[in-house]
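Enquirer: Dropping a prediction and its sequence here:
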Amino acid sequence: MSLKRWFGAWPVYRQITGADRLGRGKAAESRRSAGLAPRTDTADRVVASVCPYCAVGCSQRVHVKDGRVIQIEGNPDSPISRGRLCPKGSASKQLVTGPQRERKVLYRRPYGTAWQELDLDTAMDMVTDRVLDARRRGWQDTDPAGRTLRRTMGFAGLGGATLDNEENYLIKKLFTALGALQIENQARI
């Protein structure tokens, strides 16, 4: 390799001798990086979404190719985050596509030591039965003075910050309709 060619491959030399004096463009580009393209260029479509991790509600762009999520990034058009995401939001693709994500219902019996798979209908029936039973056992129609209460002390609701506003709104309506008094959200605690 000649000395001139060796110097030409050195980014600092290209920066000093070329038009890119600050080294923010072609001067800092290697042969390898010159041939790369953003993975978002191959997306079939871009879907608007909201980051699921906290109550801020940062807007995201979800890049989809062949029905699969290939990248999630901040939406620069968002007045909330202006395209920026925190480390958790930046890693939200793992929440959707990660190999550690459970894709089936797992149940561990009381005092059990092992998980067993259940079909979704069975699991939903179990949850429904337990909620209705707790509601019935904790139901209070009136207080000791005879005033109408119509509430249950059998359960409470605690929402999570990974739920968006619409989901939390529906959960609040559900728990209120079931007669629960204590309805809280983790983001507020």
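Expert: In hand now; what should we look at? Numbers count the residues shown, from 1 in each chain.
Enquirer: quick one: Lys172 from Arg45, how far?
Expert: Distance, Lys172 to Arg45, by C-beta to C-beta, to the nearest Å: 33 Å. Yep, even glycine has a C-beta here, placed from its N, CA and C like the rest.
Enquirer: before we move on, what about Pro79?
Expert: For Pro79, the distance to Arg45 - C-beta to C-beta - is 23 Å.
Enquirer: again, but for Leu178
Expert: To Arg45, Leu178 is 39 Å away according to C-beta to C-beta.
Enquirer: Those two: which is more packed in?
Expert: Per other C-beta atoms under 10 Å, whichever of Leu178 and Arg45 has more neighbours is Leu178, with 17 against 9.
Enquirer: Skipping its backbone neighbours, what lies nearest that one in space?
Expert: Arg135 (5.7 Å; C-beta to C-beta, 6 or more residues apart in numbering).
Enquirer: Walking through the protein, point out its helices one by one.
Expert: Here the chain has its helices, by DSSP state H, at 3-8, 11-17, 31-34, 87-90, 92-97, 120-137, 165-178.
Enquirer: Out of those, which gets nearest to Pro52?
Expert: With C-beta to C-beta as the measure, helix 92-97 is the member of the helices of the chain nearest Pro52 (6.7 Å).
Enquirer: Quick check: the spatially most central residue of the chain vs Gly89, distance?
Expert: The centre of the chain sits closest to Pro52, judged by C-alpha atoms, centre = their mean, with a distance of 3.3 Å. When distance is defined by C-beta to C-beta, Pro52 is 9 Å away from Gly89.
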